[in-house]
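Undergrad: Give me the fold of what follows.
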Amino acid sequence: MPGSEFCCVQNLSFRTLYVAFTLLCFQLAVHCEDSLQFPRGHREPLGNHRDPDGHIDIIEGMISPQEFWDKYASQRRPALFKGAAKNFPAFNLWTDEYLLKEYGDMKVKLEGKVEKEEVPIGEKGLGQDTLRSFLQTYVEKDSYVVSQLPDPMSHEVLVLPCVLCGTFKDRILEANFWLSSGGTKSLLHRDADNAFNCLLNGTKDWVLIDPKHEDNIPIAIEAASAGGGFALLDPDKVNLLKYPKFIDVPWQYANVTPGDCLFLPYGYWHRVLSYGSKNMAVSVLFSRLRTFEPYGCDQELSYMPLSDVNMVWGYDGYGDQTMGNPDPYDAVEMFSHECSVNKDFQHDSNSIFEILGELQRPINEDEDAFNPEDLDQADLLHIIARSIVNLLDLNGDGVLSCSELTNRPLDVWKEVGDVMDSDPANTEQLEYALYSPEYIRGIIEKAFDNTERLLRFSDFAEIYTLQGGSMKVAEEAFAELDPGDKDYVREEQLSNNLDSLLVLFTKPDKHDPSGAEFHEALLHDRTMDDFEELKKLQRDDISQPGTHDEF
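TA: Numbering: from 1, shown residues only. The predicted structure follows:
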């Protein structure tokens, strides 16, 4: 039929037009998406947002203490001392076999290979291991020794000559030990003290950012006194839509190979990536110095064993560590300055509380509106303030005078520092500080056998360890419930002994909101729709006066 031919042509034309129209819409959509220009380095690793400003200074050989002060320490300028650690005895001695034989029973701290991830479990509990246990498992495990260096190992580490006289030598604070199977990744962060980080095995790549640019870095909430801290951005996938000011942040890099020592000034922002089947380093920290007195620097200086240096914070390798404890010279200088201004000045526990509260003031909170009594940890700070007064009060009148605050031995100020900033992560008590009594009660309720009306150790330990706890603390906790060393505890005995268990997990601790803030920021980063965010930013830009309103 003549009409059917026309009908087919008509249908064909409609289908062709429909397909063409659909393709056009798709191409327009793709074009619109393509026209949305993301900033360079968006969702890419830290440093891809712009070209680096080059490698940090490389120093071949050794420089004098005065030159080190003038060019680097006083200027807060990083530098790489090429090959400076190759004459350390540790450089050749510290094979796994040697460490296992000589120092296997030393206790070390653990972290996850990715900073701020879960804390690994070691032989001594959460975040605590022996060097022997670690060396036997570290190739397979996602764990990383980040620990204070045990004193028995310190004679095989040397201190660089450029800090072996004058104020430098008197202000060496502590030494740390780093060991992994490579693949560790830090956040972008800064440390409170100056440090020499000396690499013995593997390689490390550093990204370094001068602190003068930190106004453009999104920093986690921290205390006003904090010398350390970390950035909120995800260093593997930097979200430059969320943090557009970071686009303008310049950076340098450092490629560190075995035997190199990197000088890292205090407060200098950095990220570190490690490589190699074995990556091992030691670091030596020294104070933030305002001035340098070069006494004793006119003599010939050579490398000295760390064991021969009078470090402020040592570690015997078995007890609790003091890693990260505050520099006691800060308190000495603060009170010495106050007494030089007013010899009649006095402190009691209330004024010490005010000082501690100010040190804990979030850096973004207005100083005039801040009241330390509003802090979550106000009760704990009152306890600390009273402890400090008791340590320093020579005549027992509850008041600290200038005569009691000046010319005191350094060991007294170290005790003050330990009271002010003791970290449960330095001890085998970390789990007791991390888990609340309510959390432990909930595990017991889940594990309790309602039919037999008893709690079995096997059920309690299974749930506790599945939730991230260690078998060591599971055994210690159950022993509180079952002093008779049975495999179970009946309901009546559980009820009688429960309070003695829960009190172990009632640890006063200073609240640190920065960790939670980082994880919230990371979650937001990973769920954010980039295209929608960019469209929103462009709409906001267009709507601003003096922009493109005519469009």
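Undergrad: Which parts of the stretch 401-550 of the chain are strands?
TA: 454-456, 488-490 (DSSP state E, counting those that start in this stretch).
Undergrad: As JSON lines, these with mean neighbour count would be great.
TA: (C-beta placed from N, C-alpha, C; glycine too.) Shown next, in JSON lines, are the strands of the stretch 401-550 of the chain (neighbours: other Cβ atoms under 10 Å):
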{"stretch": "strand 454-456", "mean neighbour count": "19"}
{"stretch": "strand 488-490", "mean neighbour count": "19"}
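Undergrad: Throw those into JSON lines and include distance to S186 and mean pLDDT, thanks.
TA: Below are these laid out as JSON lines (distance: least, Cβ to Cβ, whole Å; pLDDT from 0 to 100):
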{"stretch": "strand 454-456", "distance to S186": "41", "mean pLDDT": "95"}
{"stretch": "strand 488-490", "distance to S186": "44", "mean pLDDT": "94"}
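Undergrad: And those strands: which comes nearest Y72?
TA: Taking Cβ to Cβ, strand 454-456 is the member of those nearest to Y72, at 60.2 Å.
Undergrad: any idea how far K278 is from T257?
TA: 14 Å (Cβ to Cβ, to the nearest Å).
Undergrad: These two - which one has more neighbours?
TA: K278 (16 against 12; other Cβ atoms under 10 Å).
Undergrad: Show me which residues of whichever strand or helix holds the more buried one are buried.
TA: Element membership for K278, per DSSP states H and E: strand 269-286. Within strand 269-286, the residues scored as buried using 16 or more other Cβ atoms under 10 Å are 269-274, 276, 278-286.
Undergrad: How about stretch 292-310?
TA: For stretch 292-310, by 16+ other Cβ under 10 Å, it's 292, 297, 301, 303, 306-307, 309.
Undergrad: of all these, which two lie farthest apart?
TA: Pairwise over these, using Cβ to Cβ, the maximum falls at F292 and S307, 24.5 Å.
Undergrad: Using just helix, strand and coil, how would you label N197?
TA: At N197 the chain is in strand, as set by DSSP: H, G, I helix; E, B strand; the rest coil.
Undergrad: Tell me how far the closest residue to L301 other than its chain neighbours lies from H524.
TA: What sits nearest to L301 in space, not counting adjacent residues and going by Cβ to Cβ, 6 or more residues apart in numbering, is P161, at 4.0 Å. Using Cβ to Cβ, we find P161 at a distance of 48 Å from H524.
Undergrad: And these two? Which one has more around it.
TA: A count of neighbours by other Cβ under 10 Å puts P161 above the other of P161 and H524, at 19 against 12.
Undergrad: Thought Q299 was touching the more buried one, still the case?
TA: No: between P161 and Q299 there is no contact under Cβ atoms under 8 Å: 10.7 Å.
Undergrad: Quick check: which ranges of the stretch 451-551 of the chain have low pLDDT?
TA: The model of the stretch 451-551 of the chain has pLDDT under 70 over residues 507-516, 531-551.
Undergrad: how near is the residue nearest to D327 when sequence neighbours are not counted to W313?
TA: Take D327 and drop its neighbours on the chain: the residue closest to it by Cβ to Cβ, 6+ apart is S287, 5.3 Å away. Between S287 and W313 the computed distance is 12 Å (Cβ to Cβ).
Undergrad: hey, what's in contact with both of those two?
TA: Taking Cβ atoms under 8 Å, 6 or more residues apart in numbering as the contact rule, S287 and W313 both touch L173.
Undergrad: mind listing the helices for the stretch 401-550 of the chain?
TA: Taking DSSP state H, counting those that start in this stretch as the test, the helices found in the stretch 401-550 of the chain are 402-405, 410-421, 430-434, 437-447, 457-466, 471-481, 491-502, 514-527, 530-543.
Undergrad: tell me the most buried of those?
TA: Among those, helix 430-434 has the highest mean neighbour count (mean count of other Cβ atoms under 10 Å), at a mean of 21.
Undergrad: Which elements pack onto that helix?
TA: strand 125-126 (3 or more Cβ pairs under 8 Å, 6 or more residues apart in numbering; DSSP states H and E).
Undergrad: contacts for the strand it packs on?
TA: With Cβ under 8 Å, 6+ apart as the criterion, strand 125-126 contacts 119-120, 428, 430-431, 434, 468-470, 472-473.
Undergrad: same deal with stretch 464-477?
TA: 118, 121-126, 431-432, 435, 440, 443, 457, 460-461, 501, 504.
Undergrad: mind saving the C-alpha coords of that stretch as CSV?
TA: Extracted in CSV, the C-alpha atoms of stretch 464-477 (Å, rounded to 0.1, in the frame of the first residue of the first chain):
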residue,chain,number,x,y,z
TYR,A,464,36.6,-8.0,73.5
THR,A,465,39.3,-8.9,71.0
LEU,A,466,36.9,-8.7,68.0
GLN,A,467,36.3,-5.1,69.1
GLY,A,468,40.0,-4.3,68.9
GLY,A,469,41.2,-5.1,72.4
SER,A,470,44.1,-7.3,73.3
MET,A,471,44.1,-10.8,74.8
LYS,A,472,46.4,-9.5,77.5
VAL,A,473,43.9,-7.0,78.8
ALA,A,474,41.0,-9.4,78.3
GLU,A,475,42.8,-11.8,80.7
GLU,A,476,43.6,-9.0,83.2
ALA,A,477,40.0,-7.8,83.1
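Undergrad: Please name the residues that touch E462.
TA: A447.
Undergrad: what does the model give the residue nearest to S143 when sequence neighbours are not counted for pLDDT?
TA: Excluding its sequence neighbours, the residue lying closest to S143 (Cβ to Cβ, 6+ apart) is P120, at 3.8 Å. Listed pLDDT for P120 reads 92.
Undergrad: what ranges do the strands span in the stretch 151-300 of the chain?
TA: So, for the stretch 151-300 of the chain - with DSSP E, counting those that start in this stretch - the strands run 158-159, 172-180, 189-190, 194-209, 229-230, 252-256, 261-264, 269-286.
Undergrad: what pLDDT, on average, does stretch 267-281 get?
TA: On average, stretch 267-281 scores 96.
Undergrad: One more: stretch 254-262?
TA: For stretch 254-262, the per-residue pLDDT averages 98.
Undergrad: Give me the buried stretch members for it, please.
TA: Result for stretch 254-262 [16+ other Cβ under 10 Å]: buried residues 254, 256, 258-262.
Undergrad: before we move on, back to that, would you mind identifying the next helix or strand past the strand holding K278?
TA: Assigned by DSSP H and E, the successor of strand 269-286 is strand 304-305.
Undergrad: what does that next one contact?
TA: Contacts of strand 304-305 (Cβ under 8 Å, 6+ apart): 154-159, 161, 164.
Undergrad: From those, pick the one nearest R386.
TA: S154 (35.6 Å).
Undergrad: Confirm for me that the closest one is in contact with S307.
TA: Yes: counting by Cβ under 8 Å, S307 is a contact partner of S154 at 4.3 Å.
Undergrad: what about G41, distance to K446?
TA: 46 Å.
Undergrad: Could you tell me the model confidence score at A90?
TA: pLDDT, read off for A90, is 98.
Undergrad: My assumption is that it lies in a helix; please confirm.
TA: Yes: assigned with three-state DSSP, A90 falls within a helix.
Undergrad: Just give the nearest non-adjacent residue to it, would you?
TA: Per Cβ to Cβ, 6+ apart, closest to A90 is E156, 4.3 Å.
Undergrad: number of nearby residues for the one you found?
TA: E156: 21 neighbours (other Cβ under 10 Å).
Undergrad: show me the contacts for it.
TA: 88-90, 93-94, 305.
Undergrad: and the residue nearest to L301, what is it in contact with?
TA: So P161 contacts 62, 65, 301-304 (Cβ under 8 Å, 6+ apart).
Undergrad: if we go to 7 Å?
TA: Listed by Cβ atoms under 7 Å, 6 or more residues apart in numbering, the contact partners of P161 are 62, 301-303.
Undergrad: same question, L285
TA: So L285 contacts 173-174, 193-195 (Cβ under 7 Å, 6+ apart).
Undergrad: how about CSV for these, with neighbour count, pLDDT and distance to G317 added?
TA: Output for these, formatted as CSV (neighbours: other Cβ atoms under 10 Å; pLDDT from 0 to 100; distance: Cβ to Cβ, whole Å):
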residue, neighbour count, pLDDT, distance to G317
L173, 22, 97, 18
E174, 23, 97, 14
D193, 21, 96, 22
N194, 25, 97, 25
A195, 22, 98, 21
